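S.K.: fold the following and give me the result.
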Amino acid sequence: MKKSLTLLFMLIITLALLVACGPKREETTPAKTDEKETETETGAESSEEPAKPETLIVWEDTDKSIALKPAIESFEKEYGIKVEFKELGMADKMRDQLRLDGPSGTGADVVTLPHDQIGQVVTEGLLQEIEVSDEILSTFSESAV
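M.R.: Residues are numbered from 1 along each chain as shown. Have a look, this model is predicted:
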């Protein structure tokens, strides 16, 4: 009896620790605190664009930066967003780094992965779907999309 009671308490303590150390969830509806937020939510000031990020983090396979350097330079010039570029081994290090940095929010904004590794990364919840308008999608062939 004493042994099973001890095991039960250990299980409860372990579960409590796991719950306490879990990721923080953001609230889906912000609290209304001033009139500007209320006007924005009703659509009175809907012409504002969303804030631009300060940096864009890109992970690419090792020894592939030669092709990306001109693209990064033109992107920074056109959009005014600094690009942080990091080379990682595509087959192993990039996937492992996604597992570590992705859930904490410090992972890359853009990654390149071989097509045969994307399924597992998506199943693990490490990639986020990009929503693109039909106008942009129509510029690509169906197999490319």
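
S.K.: measure residue 12 to residue 2 for me?
M.R.: Using C-beta to C-beta, to the nearest Å, residue 12 is found at 16 Å from residue 2. C-beta: built from backbone N, CA, C; applies to glycine.

S.K.: more neighbours: which of these two?
M.R.: A direct count of neighbours by other C-beta atoms under 10 Å for residue 12 and residue 2 places residue 12 higher, at 10 against 6.

S.K.: residues touching that one, list them.
M.R.: Residue 12 makes no contacts at all, as judged by C-beta atoms under 8 Å, 6 or more residues apart in numbering.

S.K.: any idea of the pLDDT on it?
M.R.: pLDDT recorded at residue 12 is 82.

S.K.: could you pull out the strands for this structure?
M.R.: 55-61, 82-88, 110-111 (DSSP state E).

S.K.: got the ones you listed as TSV, with mean pLDDT, mean neighbour count and distance to residue 133 columns?
M.R.: Putting the strands of the chain into TSV (pLDDT from 0 to 100; neighbours: other C-beta atoms under 10 Å; distance: least, C-beta to C-beta, whole Å) gives the following:
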stretch	mean pLDDT	mean neighbour count	distance to residue 133
strand 55-61	86	18	20
strand 82-88	87	15	24
strand 110-111	84	17	19
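
S.K.: distance to residue 75 added to these, as TSV?
M.R.: As requested, the strands of the chain are exported to TSV (distance: least, C-beta to C-beta, whole Å):
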stretch	distance to residue 75
strand 55-61	8
strand 82-88	6
strand 110-111	10
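
S.K.: and those strands: which comes nearest residue 143?
M.R.: For the strands of the chain, the distance to residue 143 is smallest for strand 110-111, at 21.7 Å, taking C-beta to C-beta.

S.K.: so where's this structure uncertain?
M.R.: Along the chain, segments meeting pLDDT under 70 span 19-50, 91.
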